[in-house]
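[1] Mind folding the following:
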Amino acid sequence: MTETGDLQIVIVESLTRRYMALAERARELAAPLSDEQFWQKPFPFGNSFGHLVLHLTGNLSYYIGAQIAQTGYVRDRDLEFAESRHPAKSDVMRRFDDAVAMVIKTIQAQSASDWLREYSAQREDATNRFDILFRCATHFHLHVGQMIYLNFQLNGRP
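    As a prediction, this is how the structure comes out:
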């Protein structure tokens, strides 16, 4: 195998593992929460666990789904933080799981040359596909950290 081929395998496997681990951690943290806890804000201007999940779903669906996978997803970023209807936790988590599955499928569909393909999107200065997938993973990680805090606040355990 060539160095390019080896690097392709490392990139695909590493990003896939990272997204899967982050999604699993988010699911573990959501599992013990009631629907009421899922939507409970830590303070008036804070984000509930549910709003963070909506935000991650929108982030992944737009930056990776709409921009790379060409899913046609149209994002309403403001609603991700302001949703007041509070859909069932199970529905929100299902859409989240669908978004993560789409990301993994998109990662696995990239060829070695695809990683360097030009990339542009609203509110983002990533320049290529690797950059946006890496940035979205770090963004995901940041919000999982907030979920850990919220879970500790709501249940007394991280």
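[2] Report the central residue of this structure.
    residue 56 (4.1 Å; CA atoms, centre = their mean).
[3] can I assume that one is in contact with residue 27?
    No: counting by CB atoms under 8 Å, residue 56 does not reach residue 27; the two are 11.8 Å apart. C-betas here are computed from N, CA, C, even on glycine.
[4] Flag the shaky bits of the protein, pLDDT-wise.
    Along the chain, the model assigns pLDDT under 70 to residues 1-2, 4, 158.
[5] What about residue 118, how many residues nearby?
    Other residues lying near residue 118 total 8 when counted by other CB atoms under 10 Å.
[6] Excluding chain neighbours, give the residue nearest to it in space.
    residue 128 (6.5 Å; CB to CB, 6 or more residues apart in numbering).
[7] The strand or helix carrying residue 151 packs against which elements?
    In this structure, residue 151 is located in helix 129-155 according to DSSP states H and E. For helix 129-155, the contact count by 3 or more CB pairs under 8 Å, 6 or more residues apart in numbering; DSSP states H and E identifies helix 3-30, helix 49-60, helix 89-109 as packing neighbours.
[8] And for residue 14, the neighbour number?
    Close neighbours of residue 14, defined as other CB under 10 Å, add up to 13.
[9] what's the spacing between it and residue 8?
    Here residue 14 is placed at a distance of 11 Å from residue 8 (CB to CB, to the nearest Å).
[10] any shared contact partners between these two?
    Between them, residue 14 and residue 8 have no joint contacts when contacts are counted by CB atoms under 8 Å, 6 or more residues apart in numbering.
[11] surely residue 105 meets residue 68?
    No: between residue 105 and residue 68 there is no contact, the gap being 10.6 Å when judged by CB under 8 Å.
[12] neighbour count winner among the two?
    Higher neighbour count among residue 105 and residue 68: residue 68, with 21 against 12, using other CB under 10 Å.
[13] Give the helix, strand or coil label for that one.
    Assigned state for residue 68: helix (three-state reduction, DSSP: H, G, I helix; E, B strand; the rest coil).
[14] Contacts only, for residue 29.
    Contact criterion CB under 8 Å, 6+ apart gives 49, 144, 147-148, 150-151 as the residues in contact with residue 29.
[15] redo that, cut-off 10 Å
    Applying CB atoms under 10 Å, 6 or more residues apart in numbering, one finds that residue 29 lies in contact with 49, 52-53, 144, 147-152, 154-155, 157-158.
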